[in-house]
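S.K.: My questions concern the predicted model and sequence given below.
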Amino acid sequence: MTTQKTSFLDKLALHRPELRAWAMYDWANSAFMVVIITAIFPIYFSKVAAAGLSPNVATSRFTAATTIGLTIIALLSPLLGAIADFAAAKKKMLAGFLLLGVASVGMMFFIQRGEWLLAAVLFILSNIGANGSFVFYDALLPHIARPEEVNRVSTAGYALGYLGSGMLLALNLAWIQKPEWFGLPHGPGLSPSDATLPTRLAFLSVAIWWLLFSIPLFRTVPEPPAAIDPGNRHANPVVAAFRHLAETFRQLRGFRHAFLLLLAFLIYNDGIGTIIRMATIYGTEVGIGQGSLILSILLVQFIGVPFAFLFGMLADRISAKRAIFLGLLVYAGISVLGYYMKTATHFLILALLVGMVQGGTQALSRSLFATMIPKQQSGEFFGFFGVFEKFAGIFGPASIWLVIKLTGSTRLSILSVIVFFFLGALLLLKVDVEEGRRQARAAEAPLST
């Protein structure tokens, strides 16, 4: 009985305590990504916090808050990553950003009708907290996973993230739709505060969930050793980080294939992020009801669980690069089908396809990059990874806006997303994974001797 259990966990790459603890942070933070970023907070911002503003002004301010938060952390990520590498402070940095994110989300409980500025500020801070923590979380991956298991470990994290966020979102939607089941205020004649209480409790639940399920990482995952040049052992960490960061910019030429992967990721992740952010808006525009949209969001979370695991296993068989190509091919098909979408059934089919490839494609991009960088600079390099990831969230929606502006057609803008997948795939084709890994191991060799 014990042997079967161990064998099963080994297949999922969750067979060691530090792997399970690391993956649990995906379970913890994905609640923020789904409830705050995708499903509930955007609607609350538009209908409650921005009440009294026209819909286009509310959307504009929400978009501005998103852009500000992502830009700030994108610019800070490489420096913070370098400091964490030099000072052996990845977990401390992660904890600091985690607490900023948790506190900001918890404070959302106090957002009342018309308080759009408070909502925007908290949304900016929560985005900085969450996305800042991802830099150091991702940077721990090459230190806990062996080369042959890194793909499965990364996809296992995404799978647990889907499962955890799906469970909390289902619970949140239950008490929002049926507050009487939970003893919450309900019925006609409620005060504005009582009417919004279930939704505000959803924000509070995300903060508690995120903090609670982050504890295993801090208790179990070891802090990687500092990447210290013996000649700079007593240098100021910030000064040393700036110097090291400048050196890393020069080193990027030496890690050509890792850099090519970053460029490819920037482009094709633009397409992935655009589909994620535009799906519900586009669905609403073509007349799909709110119930179907919510069901689709839940479907993506639960479908993503087994398929994230399957992508990790597939990568071990055919390589992570080929598995990513498969995901991009499916995404191109999603763009074409999205152009013809007219009914709720069509939208559900598209959600099924997204759930099949979303987690696997992004997780394998993370794990493939992790194998092509020196371990002692993982925080720094994942800082750059974070920059490319965050700017991918900015350029995609901007391109959608431009196509709509030029053509007046949202359908054409959805179809145009194919360009991101095509160009990203072309760059990925030029990445020599084995050469990139050889360069990374050669860079590690001087520190191991």
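M.R.: Now that the structure is in, tell me what you want to look at. Residues are numbered from 1 along each chain as shown.

S.K.: Any regions of the stretch 301-449 of the chain where pLDDT drops low?
M.R.: Counting by pLDDT under 70, the stretch 301-449 of the chain has low-confidence residues at 379-380, 383-384, 386-394, 396-398, 401, 404, 410, 445-449.

S.K.: need the strands for it, in chain order.
M.R.: Assigned by DSSP state E, counting those that start in this stretch, the strands in the stretch 301-449 of the chain number zero.

S.K.: those helices in it, which residues are they?
M.R.: Counting by DSSP state H, counting those that start in this stretch, the stretch 301-449 of the chain has these helices, from start to end: 320-340, 344-370, 378-407, 410-416, 418-429, 433-448.

S.K.: Can you name every helix or strand that the first one contacts?
M.R.: Secondary-structure packing of helix 320-340 (3 or more Cβ pairs under 8 Å, 6 or more residues apart in numbering; DSSP states H and E): helix 256-285, helix 290-318, helix 344-370, helix 410-416, helix 418-429. For glycine as for every other residue, the C-beta is placed from the backbone atoms N, C-alpha and C.

S.K.: Single out the most deeply packed of the ones you listed.
M.R.: Per residue and on average, the most neighbours among the helices and strands packed on helix 320-340 fall to helix 344-370, with a mean of 23 (mean count of other Cβ atoms under 10 Å).

S.K.: name the helices or strands packed onto that one?
M.R.: Contacting helix 344-370 under the criterion 3+ Cβ pairs under 8 Å, 6+ apart are the following elements: helix 116-144, helix 150-177, helix 256-285, helix 290-318, helix 320-340, helix 378-407.

S.K.: roughly how far apart are residue 224 and residue 142?
M.R.: Taking Cβ to Cβ, to the nearest Å as the measure, residue 224 falls 9 Å from residue 142.

S.K.: Pull out the buried positions in stretch 30-44.
M.R.: Going by neighbour count (16 or more other Cβ atoms under 10 Å), the buried part of stretch 30-44 is 30-42, 44.

S.K.: Dump the helices and strands packed on helix 344-370 to JSON lines, plus distance to residue 198.
M.R.: Rendered in JSON lines, the data for the helices and strands packed on helix 344-370 read as follows (distance: least, Cβ to Cβ, whole Å):
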{"stretch": "helix 116-144", "distance to residue 198": "17"}
{"stretch": "helix 150-177", "distance to residue 198": "5"}
{"stretch": "helix 256-285", "distance to residue 198": "20"}
{"stretch": "helix 290-318", "distance to residue 198": "14"}
{"stretch": "helix 320-340", "distance to residue 198": "32"}
{"stretch": "helix 378-407", "distance to residue 198": "29"}
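
S.K.: With respect to residue 438, which of those helices lies nearest?
M.R.: helix 256-285 (9.4 Å; Cβ to Cβ).

S.K.: where does the stretch 1-150 of the chain dip in pLDDT?
M.R.: Within the stretch 1-150 of the chain, the set of residues satisfying pLDDT under 70 comprises 1-7, 56.
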